[in-house]
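Enquirer: kindly generate the corresponding structure for this input.
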Amino acid sequence: MNDTEPQTAGGKVLWHFTMSLDGFVAGPNHEMDWMTGTARPGLADEYVQTTGAVLGGRDGWDAMPGARPYGGDWKGPVFVLTHHPEDATPADDVTFLNCGPAEAVRIGLEAAGGKNLEVFSPTIGRQLLELGLIDEIDLHIAPVLLGQGVRLYDNPGSEPIRLHRVGEDDPTSVVNVRYRPSLRTGTDS
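Expert: Numbering: from 1, shown residues only. Just a heads-up that it's a prediction; the model follows:
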């Protein structure tokens, strides 16, 4: 099922994640192995072509220092927003920023050279959303229930943020998803 048009490189600030059905973008300790085998063919290539720079957070970086997006297929500048850049594990093409999220977006978009700046951090994404700096939220819902981990959006006590779906249908209607539990691990039945 592909219910959206392919991503384009339009210089957008793109909050992009694969997410479990129960709202987690990483397992406990930022584990990502649950995503194996869930992406449609060609999906990673789409983002390799349209991404000019990546903005992430320190927690994710520390959990996977040196990891590159899309299995290492994407090459480009990575910016890690942190309050303590002096003790971060360095890597090629990675810049540690100690600034506000809006300034990090400015730096990232400039480095993206007209392609998209992908935001790979729930915390930074939430801050940018509150500042009005997210152009699109691009989610791929994996048929997995994790039960715990790192949530995409966690902001207790805040007002709901209304979103408009990109596409031809009513942009405020719900997205219908239907699954059945697998009888055995790794089966499609």
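Enquirer: buried residues in the longest helix seen in the chain, which are they?
Expert: Secondary structure of the chain per DSSP state H: the longest helix is helix 101-112. Applying a neighbour-count criterion of 16 or more other CB atoms under 10 Å, one finds 101, 104-105, 107-109, 111-112 buried in helix 101-112. Every C-beta, even on glycine, is put in place using the N, C-alpha and C of the backbone.
Enquirer: and stretch 165-182, by the same measure?
Expert: In stretch 165-182, no residue is buried by neighbour count (16+ other CB under 10 Å).
Enquirer: again, but for stretch 121-130
Expert: Buried residues in stretch 121-130 (16+ other CB under 10 Å): 121-129.
Enquirer: that older thread, same list, the buried residues of helix 101-112, but as CSV with pLDDT please.
Expert: Compiled in CSV, the buried residues of helix 101-112 are given as follows (pLDDT from 0 to 100):
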residue, pLDDT
101, 97
104, 98
105, 98
107, 98
108, 98
109, 98
111, 98
112, 97
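Enquirer: and which of those residues is nearest residue 70?
Expert: Among the buried residues of helix 101-112, residue 112 lies closest to residue 70 (CB to CB), at 15.4 Å.
Enquirer: hang on, that closest one packs against residue 50?
Expert: No. With contact defined as CB atoms under 8 Å, residue 112 does not reach residue 50; the gap is 9.8 Å.
Enquirer: pLDDT below threshold where in the protein?
Expert: Along the chain, the parts satisfying pLDDT under 70 run over 1-4, 168, 173-174, 184-189.
Enquirer: strands along that one, start to end?
Expert: 13-20, 24-26, 51-57, 78-81, 94-97, 116-120, 136-142, 150-151 (DSSP state E).
Enquirer: ok, which of these comes nearest residue 87?
Expert: Of all the strands of the chain, strand 94-97 sits nearest to residue 87, with 9.5 Å by CB to CB.
Enquirer: ok, that closest one: who's next to it in the sheet?
Expert: Strand pairing for strand 94-97, determined by DSSP bridges: strand 78-81 (parallel).
Enquirer: quick one: distance of the partner strand to the chain centre.
Expert: Its chain's average C-alpha position is 13 Å from that of strand 78-81, according to CA atoms, centre = their mean, to the nearest Å.
Enquirer: that's all I had, so thanks and see you.
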